[in-house]
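[1] Following is a predicted model, sequence given first.
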Amino acid sequence: MADLSIEFAGIKSPNPFWLASAPPANTGDQVMRAFDAGWGGAVWKTLGDPIVNTSSRFGGIDYGPMKMMGLNNIELITDRPLEVNLREIREVKKRYPNHAVIASLMTQTKEDWKVLIRRVEDAGCDGLELNFGCPHGMCERGMGSSVGQEPRLAEEITSWAREYAKTPVLVKLTANTGDIVEIAEAVVRGGAHGLSLINTIKSIIGVDLDRLVPLPRVGNAATNGGYCGPAVKPIALQMVAALAREKSIGVPISGIGGIGDWRDAAEFIALGSTSVQVCTAVMHYGFRIVRDMIDGLSSYLDAQGMKSVNELRGRAVGAYKEWGDLDLNYQVVAAIDSQTCIGCQLCVVACNDGAHQCIFTGREEKARPTHAHTVGLAKPPSPFPIGAIAGDRVPWVDEPECVGCNLCQLVCPVTGCITMREVPSDSVDSWNDRVRDGRDRIPGGIHE
Ligand SMILES: Cc1cc2nc3c(=O)[nH]c(=O)nc-3n(C[C@H](O)[C@H](O)[C@H](O)COP(=O)(O)O)c2cc1C
Ligand code: SF4
Ligand code: SF4
C-alpha cells in the first residue's frame, strides 16, 4: 500500500487530508473525532479577538438532486474565548502528537500578531496559517481579504509573523484577486513557508423573492458571503496550478476548494498541492468521508505504481500550458455507441443550437449548414446504426464537420455512450508556432 504520509514545510502529517479552518475544526472535541476518523491534520477555526456571529449565516445552491453544490456563509472567525481554544489545542497535541495541528490566525496590529503567535505556539501547534482570505465581515475591519488583496500589506504582515514565529508560517490566500501570482509572490517575499488556497469567494447566493431580500437573510437584510463547495473547485484548481508552475513561488501548497473525495484530492495533488484541506464536504457528510479518501487515494497510487503520494505531487503541472502552446492540429470527433444510446436526442439539440450543427437523425442525407467547410450533403453512416434501445433513433455524426468541442458528450445522460475519437495527425502546429514563422500575428491592441 502506498505511503500517504507527507511533510509540509517541516510539518509532518500521516496523510495529506486536513480539515480546513472552518466549523468542523472549531473545537478540540471535533478535531479529535476527526483524527480518530482518519484525518491527518486540522487547521483550527481562525483565532483572534472572538466575534459575535449573525443568525442565520449559511445559504446553499442545490443543483438537480445534488444538495449544497455551492455553499455560502457569512460566519466570521471563532466566537470562542482564546483561552478555551488554546487549552483544547494543547490537549489535542498531547493526545495526537503525530497529527498536524495548525493554528489559523487573524488579528490587526504588529503587537497583536506577536502576542497571538506566542500564545498559539506555547499551546503546541505545529504551524500557523495567516488568514488573508475571509471576504466578509472581517475585511470590513481591515483584516482577511482586505489584506490578501494588497500585496504590500500582505508581505509586511507575513514578515511580522516570520519575525515572531518559531513554527512554519503558511498564508491562506483569497480568490478575490485579479492576479493570484502577484499576491503569492508578495507573501513569499515576506517569508511565507507555505501557501493555502483558496478561501471562499465573495458572493450573493440568491434572493428571497417573497421578501425581496438577498440570502442568507438576517432579519430584513443581508450581505455578501463567501462561496465554497463543489462549485468552486475549478477556480481553486486553476489558482493552485498557476502557483505550482511559477518558479518564483517555490513553497509547498495546501489545496482547498470543493474537495469531497479522493479524486478531487488527487487532482489537487497532481496540480502541485502537498496537502489538501476540506470544509464543505465535511459539513455536508461528516468526518467519515476521509475513510474513502484514504482508501481511494491509496488504491489509485498502487494502480499507478507509485509508492508514495509524494510521487503524484505536481505530475500534471507540466501538461498545463499557455493557450498559445496548444497543438492546433490535434483533432477529436464524437463517436456514438448505438448499443447504449437511449435515443433522447439531447446531443442533437445541443449540437444544433449550441455547437456546430453536425449531429443528425434519420436515414436520409442532410443539408449542411451554410457555414460548413465540407461540400455536399451529409451522408448517414453505412450500414445505418440500429440501437439496442433506441432503434433507428440513434443519432449520427457528420464527422468532417465535427469540431470536437465535447458538448454532445457532456450533455449525453448515458455514461460512455459518446466518446471522443482521436483523428491521427502527423504534425504539430501551435498559435505560437504560427506567430513565430509569420503565419499569424499578435495584434497591437488599441495602439495598432
Ligand atoms: C461556514 C464557514 C466558515 C469558515 N470559516 C473560516 C475561517 O474561520 N477561517 C478560514 O481561513 N476559512 C474559513 N472558511 C473557509 C474554508 O476554510 C475553506 O477555505 C473554503 O470553505 C473552501 O473549501 P471547501 O470548498 O472545502 O468548503 C469557512 C468556510 C465556511 C463554509
Ligand atoms: S463534438 Fe461538438 S461539434 Fe462535434 S458532434 Fe459533438 S457537439 Fe457537435
Ligand atoms: S444524448 Fe446520448 S443517449 Fe441521448 S441520443 Fe445522444 S447519444 Fe443517444
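    Perfect, I can see it now. Numbering: from 1, shown residues only. Ligands and ions are numbered 1, 2, ... in the order given.

[2] For the stretch 301-448 of the chain, which residues score under the pLDDT cut-off?
    Applying pLDDT under 70 to the stretch 301-448 of the chain flags residues 446-448.

[3] Quick check: residues of it near ligand 3?
    With C-beta under 6 Å from any ligand atom as the criterion, the stretch 301-448 of the chain meets ligand 3 at residues 336, 341-347, 395, 412, 414, 417-418. Placement of C-beta: from N, CA and C, glycine included.

[4] out of the residues you listed, which are inside strands?
    Counting by DSSP state E, those place 336, 418 in strands.

[5] Quick one: the residues of the stretch 301-448 of the chain next to ligand 3 as TSV, columns for distance to ligand 2 and neighbour count too.
    Formatted as TSV, those follow (distance: C-beta to the nearest ligand atom, whole Å; neighbours: other C-beta atoms under 10 Å):
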residue	distance to ligand 2	neighbour count
336	9	24
341	14	23
342	17	16
343	16	16
344	14	16
345	13	15
346	11	16
347	7	25
395	9	25
412	9	23
414	14	14
417	12	22
418	7	23
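
[6] As TSV, the residues of the stretch 301-448 of the chain next to ligand 3 with distance to ligand 1 would be great.
    As requested, these are exported to TSV (distance: C-beta to the nearest ligand atom, whole Å):
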residue	distance to ligand 1
336	35
341	36
342	34
343	38
344	32
345	36
346	30
347	32
395	37
412	28
414	30
417	31
418	30
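
[7] The closest residue to residue 399 other than its chain neighbours: neighbour count?
    Of all residues not flanking residue 399 in the chain, residue 333 sits nearest, at 4.9 Å (C-beta to C-beta, 6 or more residues apart in numbering). Using other C-beta atoms under 10 Å, residue 333 has 18 other residues around it.

[8] ok, now residue 185?
    17.

[9] My guess is it contacts residue 248. True?
    Yes: Residue 185 is within contact range of residue 248, at 5.4 Å (criterion: C-beta atoms under 8 Å).

[10] how far out from the middle of the chain is the helix or strand containing residue 432?
    In this structure, residue 432 sits in helix 431-436 according to DSSP states H and E. Distance, stretch centre to chain centre, for helix 431-436: 32 Å (C-alpha atoms, centre = their mean, to the nearest Å).

[11] what do you get for stretch 47-60?
    Taking C-alpha atoms, centre = their mean, the mean C-alpha location of stretch 47-60 is offset from the chain mean by 24 Å.

[12] How far does it stretch from one end to the other?
    Stretch 47-60 has an end-to-end distance of 25 Å (C-alpha to C-alpha, to the nearest Å).

[13] re earlier: check for me that the residue nearest to residue 399 belongs to a strand.
    Yes: assessed by DSSP: H, G, I helix; E, B strand; the rest coil, residue 333 belongs to a strand.

[14] is it in a bridge, and if so with what?
    Assessed by DSSP bridges, residue 333 has beta-bridge partners residue 421.

[15] How about the contacts made by it?
    Taking C-beta atoms under 8 Å, 6 or more residues apart in numbering as the contact definition, residue 333 lies against 397, 399, 402, 404, 420, 421, 423.

[16] Find me whatever residue is spatially closest to residue 60, sequence neighbours aside.
    Nearest to residue 60 is residue 68, by C-beta to C-beta, 6+ apart, at 4.3 Å.

[17] What residues sit buried inside the helix or strand where that neighbour lies?
    Per DSSP H and E, residue 68 falls inside strand 66-73. Counting neighbours by 16 or more other C-beta atoms under 10 Å, one finds that the buried residues in strand 66-73 are 68, 69, 70, 71, 72, 73.
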